[in-house]
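Student: Sequence and predicted structure are below.
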Amino acid sequence: MTKDELITKLKAIIAPYVQDEEAFKKLSEDTDFVKDLKINSANLVDIILDIEDEFDIRLENEDMEKMLDVKSAMAIVNAKLEA
Amino acid sequence: MRTTEIISLLPYQKPFLFVDGIDSISEDAVTGHYTFKENEPFYEGHFKDNPITPGVILTECMAQIGLVCLGIYLLKDELKDSVKPQIALTSHQMDFYLPVLPKEKVVVISEKEVFRFNKLKCKVKMLNQNNELVCRGTISGMLKV
């Protein structure tokens, strides 16, 4: 999967939970889920669960703790897909 | 874990405790009940001269039994005397079918849908004394020790 494909997939997963639509329009690898998109902690869990379903992977607590921005989400998904 | 112990760990008290007892509890589900007292403070204003239990209070009752009691049970191995669970309601979707009047007893049945990364999401329903559906929906919250 290319970087662009992965970002597109992640964007679709994140979209329903975004509170700051302006920040979402400008989404980049550096976009922070909580600080920029203003996603709450419960919806962050929803995103994790949706990522698991979309990519057929299983995420653990330590993945959750690392998944703060788009970049780290991409890294974790890629690492799981390669494992 | 005894059900009375769970109720004693609830962070609520009168006039905002809406759990009288827990009838059954497991890792997957909980059933509990509450009887709305005639003198609950909200009846004075909801509605004028026509006391009916507010939907938000029914939702609160369902959250206290269905989410918080179940959550305390799920966290039982991590809880200690000095450590109380931290809880926050994060979302709910509820449909209402019948009114609940003062002195009515309701039963809340909650089934766990998911409990991961501190988020507990449950499918809940409330029945009245005649076993009729009062309301049903889903409630989610964050719970951690």
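Tutor: Received, thanks.

Student: Need the three-state assignment for the residue of chain A found nearest chain B.
Tutor: Relative to chain B, the nearest point of chain A is A:Ala42 (3.4 Å; C-beta to the nearest C-beta). In short, each C-beta sits where N, CA and C put it, glycine included. Secondary structure state of A:Ala42, per DSSP: H, G, I helix; E, B strand; the rest coil, is helix.

Student: quick one: it from B:Val56, how far?
Tutor: Separation of A:Ala42 from B:Val56 (C-beta to C-beta, to the nearest Å): 19 Å.

Student: cool, B:Thr90 as well?
Tutor: 16 Å.

Student: which one of these two has more residues nearby?
Tutor: Between B:Thr90 and B:Val56, B:Thr90 has the larger neighbour count (other C-beta atoms under 10 Å in any protein chain shown), namely 19 against 12.

Student: Packing partners of the least confident helix or strand in chain B by mean pLDDT?
Tutor: The weakest-scoring helix or strand in chain B, judged by mean pLDDT, DSSP states H and E, is helix B:3-9 (a mean of 92). On a contact count with 3 or more C-beta pairs under 8 Å, 6 or more residues apart in numbering or on different chains; DSSP states H and E, helix B:3-9 meets strand B:21-25, helix B:70-74.

Student: got a list of contacts for the last one?
Tutor: Here helix B:70-74 makes contact (C-beta atoms under 8 Å, 6 or more residues apart in numbering or on different chains) with B:1, B:6, B:9-10, B:25, B:27, B:29-30, B:79, B:85, B:87, B:110, B:112, B:115, B:120, B:122, B:141, B:143.

Student: With chain A as the reference, measure out to B:Gly141.
Tutor: Between B:Gly141 and chain A the distance is 7 Å, computed by C-beta to the nearest C-beta, to the nearest Å.

Student: Just confirm that residue is within a strand.
Tutor: Yes: counting by three-state DSSP, B:Gly141 is located in a strand.

Student: can you put the helices and strands packed on helix B:3-9 in a markdown table and add mean pLDDT?
Tutor: Compiled in a markdown table, the helices and strands packed on helix B:3-9 are given as follows (pLDDT from 0 to 100):
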| stretch | mean pLDDT |
| --- | --- |
| strand B:21-25 | 97 |
| helix B:70-74 | 96 |
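
Student: tell me the contacts of the residue nearest to A:Leu6 when sequence neighbours are not counted?
Tutor: Spatially, and ignoring its direct neighbours in sequence, A:Leu6 is nearest to A:Met74 (5.5 Å; C-beta to C-beta, 6 or more residues apart in numbering or on different chains). Counting by C-beta under 8 Å, 6+ apart, A:Met74 makes contact with A:3, A:6-7, A:10, A:29.

Student: which SS state does A:Met74 fall under?
Tutor: Three-state call for A:Met74 (three-state DSSP): helix.

Student: For it, give me the pLDDT.
Tutor: A:Met74 carries a pLDDT score of 96 in this model.
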